[in-house]
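S.K.: A predicted structure for the sequence below; I have some questions about it.
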Amino acid sequence: MPTLAELGFPEANLDSLFGLFAPTSTPATVVQQLNREVDAVLRDPGLRGTLLAASNTPFAGSAADFLRQVQREAER
């Protein structure tokens, strides 16, 4: 069976991206608070270890950082 690269898709991304999304009408203060809380959880050593052991890479950052990542994936 040929690989995706051999089929002409050398840039194929088989990773999954998980995140939280909110309606555009969500107040910025609420988005910022949710972001702080999620970042704090993702920094927990126990959770990080569990995620890494399952081949998941925790990504903590701003809502703008996440938006850029989603946009890059959409372009691919």
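M.R.: That came in fine, so what should we check first?
S.K.: ok, residues contacting stretch 23-32?
M.R.: With contact meaning C-beta atoms under 8 Å, 6 or more residues apart in numbering, stretch 23-32 is reached by 22, 63. From N, CA and C alone the C-beta is placed, and that goes for glycine too.
S.K.: Now do it: distance from first to last residue.
M.R.: End-to-end distance of stretch 23-32: 14 Å, with C-alpha to C-alpha, to the nearest Å as the criterion.
S.K.: quick one, helices of the protein?
M.R.: Secondary structure of the chain (DSSP state H): helices at 28-42, 45-53, 63-75.
S.K.: Quick check: which of the ones you listed is nearest to residue 7?
M.R.: helix 63-75 (19.9 Å; C-beta to C-beta).
S.K.: Against which helices or strands is that closest one packed?
M.R.: With contacts taken as 3 or more C-beta pairs under 8 Å, 6 or more residues apart in numbering; DSSP states H and E, helix 63-75 sits against helix 28-42.
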